[in-house]
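Kindly return the folded structure for what I paste below:
(2 chains)
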Amino acid sequence: MTAALVLIAVFTLATAAVALSLRNLIHSALLLIASWFGIAAFYLWAGAEFVAFAQVLVYVGAVSMVVLFAVLLTRRSRADTVIAPDSVARAISAVITGVAVFGVLVAAILKSSLGRLSPAGVPALPGGTSVSPVIFAPTATVREIGIQLMSTHAAALLIIGILLTVALLGAVVLAAQDGSESKQESP
Amino acid sequence: MSLDPLPLCLLFSSALFCLGLIGALARSNTILVLLGIELMLNAANLNFIAFWRYGPATSPATGVMFVMFSIAVAAAEAAVGLALIIAVYRHQKNIRLQEANRLKG
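From the prediction side, this is the model:
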């Protein structure tokens, strides 16, 4: 159980680290797809199957394609996917910042009592009113998710639909050629 | 060093977050900065799932709901961000962050 988690974590972190340090943008994007697959594997490991498939659909399917198209649309020549090396001073300061943040986070995680109130069979809530057997391994079947989306979270679902529509229309408006300008320039 | 699953998941997600942070700070290519930000968002989603699975009891599908809405917002953010990158590229034929300084006083 834990060994699988460690394997998934090592795979995801290694692919993400290599992806963010490469100079070829296409290779970076492809390695990040592998990293997103690792995250989907983590969701499967944790028992959230629906989220795992949503992750594969949205990130591996859609976001990766948008990223690859952006890489290909913003190059100047056919071989221009290899970018110039970045400044070393910035990289060093970024690594120092990242390691410092990681140190703070690790200290906070190791000092907290989170692991001890994990649901090892004992109800952790004082009062224990709503503690049910699902506490040990909460499951979310697709049927249950659908019912909750349509009842409890219906308003949130509508809002997220509007947000997605507006954001995608805005993306099209931003990225589209400005037709009027080019028409005025051409004659 | 405890080997409980919850601290391990949290360590995993904080390592992923810091990788994304380092990537977003160190690289000067806009697409790579955006990908670093995506990695940080993914790390937050990992935390939601870890707490849903191993944390104190909640209602059954709370963490899953959170992550689904978060993934939807992340997809919208990626689309708008990449459209912005394409618009910037059309104006100055370059997507290095250092060159996008036209507003500098």
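
all helices for chain B, in order.
B:5-26, B:30-54, B:62-92 (DSSP state H).

Tell me what angle the last one forms with helix B:30-54.
Just to be clear, that refers to helix B:62-92. 180 degrees (axes from the mean of the first three to the mean of the last three C-alpha atoms, to 10 degrees).

any idea which element A:I145 lies in?
Element membership for A:I145, per DSSP states H and E: helix A:142-150.

Just give me how far that helix sits from the chain centre.
Put simply, helix A:142-150 sits 23 Å off its chain's centre (C-alpha atoms, centre = their mean, to the nearest Å).

got the angle for that helix vs helix B:62-92?
70 degrees.

quick one: average confidence on the helix or strand following helix A:142-150?
As assigned by DSSP H and E, the chain's next helix or strand after helix A:142-150 is helix A:154-175. Mean per-residue pLDDT for helix A:154-175: 93.

Buried residues, helix A:154-175. List them.
The neighbour-count check on helix A:154-175 (16 or more other C-beta atoms under 10 Å in any protein chain shown) flags A:L157, A:I160, A:A167, A:A171, A:L174, A:A175 as buried. For the C-beta atoms, the positions are set from N, CA and C on the backbone; glycine is no exception.

same question, stretch B:59-78
Buried, per 16+ other C-beta under 10 Å, within stretch B:59-78: B:60-72, B:74-78.

Stretch A:4-14 now?
Quick answer for stretch A:4-14 (16+ other C-beta under 10 Å): A:L5, A:I8, A:A9, A:F11, A:T12, A:L13.

Model confidence score at A:A29, please.
For A:A29, the pLDDT comes out at 91.

what's the neighbour count on it?
23 (other C-beta atoms under 10 Å in any protein chain shown).

before we move on, what about A:V71?
A count of neighbours around A:V71, defined by other C-beta under 10 Å, yields 22.

isn't A:L5 right up against B:P7?
No: contact criterion C-beta atoms under 8 Å: A:L5 and B:P7 do not qualify, at 11.1 Å.

Return the distance of A:S28 relative to chain B.
6 Å (C-beta to the nearest C-beta, to the nearest Å).

tally of neighbours for A:Y59?
24.

do the one 10 residues further on as well
Counted with other C-beta under 10 Å, the burial measure for A:F69 works out to 13 neighbours.

Next: the one 10 residues further on.
Around A:A79 there are 7 other residues, counting by other C-beta under 10 Å.

On the three-state scheme, it is what?
Classification of A:A79 using DSSP: H, G, I helix; E, B strand; the rest coil returns coil.

again, but for the one 5 residues further on
Assigned by three-state DSSP, the conformation of A:A84 is coil.

so of the buried residues of stretch A:4-14, which ones are in strands?
Per DSSP state E, strands hold no members of the buried residues of stretch A:4-14.

which of these are close to chain B?
Contacts with chain B within the buried residues of stretch A:4-14, counted by C-beta under 8 Å from any C-beta of the partner chain: A:L5, A:I8, A:A9, A:T12, A:L13.

can you put the buried residues of stretch A:4-14 in CSV and add pLDDT?
Output for the buried residues of stretch A:4-14, formatted as CSV (pLDDT from 0 to 100):
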residue, pLDDT
A:L5, 91
A:I8, 94
A:A9, 93
A:F11, 95
A:T12, 94
A:L13, 94
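
contacting residues around A:A4?
The neighbours of A:A4, taking C-beta atoms under 8 Å, 6 or more residues apart in numbering or on different chains as the test, are A:W45.

can you count the residues close to residue 86?
By default, I'm working from chain A. A:D86 has 19 neighbouring residues, counting by other C-beta under 10 Å.

Chain B was what I was after
Neighbour count for B:I86, taken as other C-beta under 10 Å: 18.

My guess is it contacts A:A70. True?
Yes: in this structure, B:I86 is within contact of A:A70 by C-beta under 8 Å, at 6.3 Å.

low pLDDT regions in chain A?
A:114-137, A:178-187 (pLDDT under 70).

mind listing the helices in it by residue range?
A:2-21, A:25-45, A:49-55, A:64-73, A:88-111, A:142-150, A:154-175, A:179-185.
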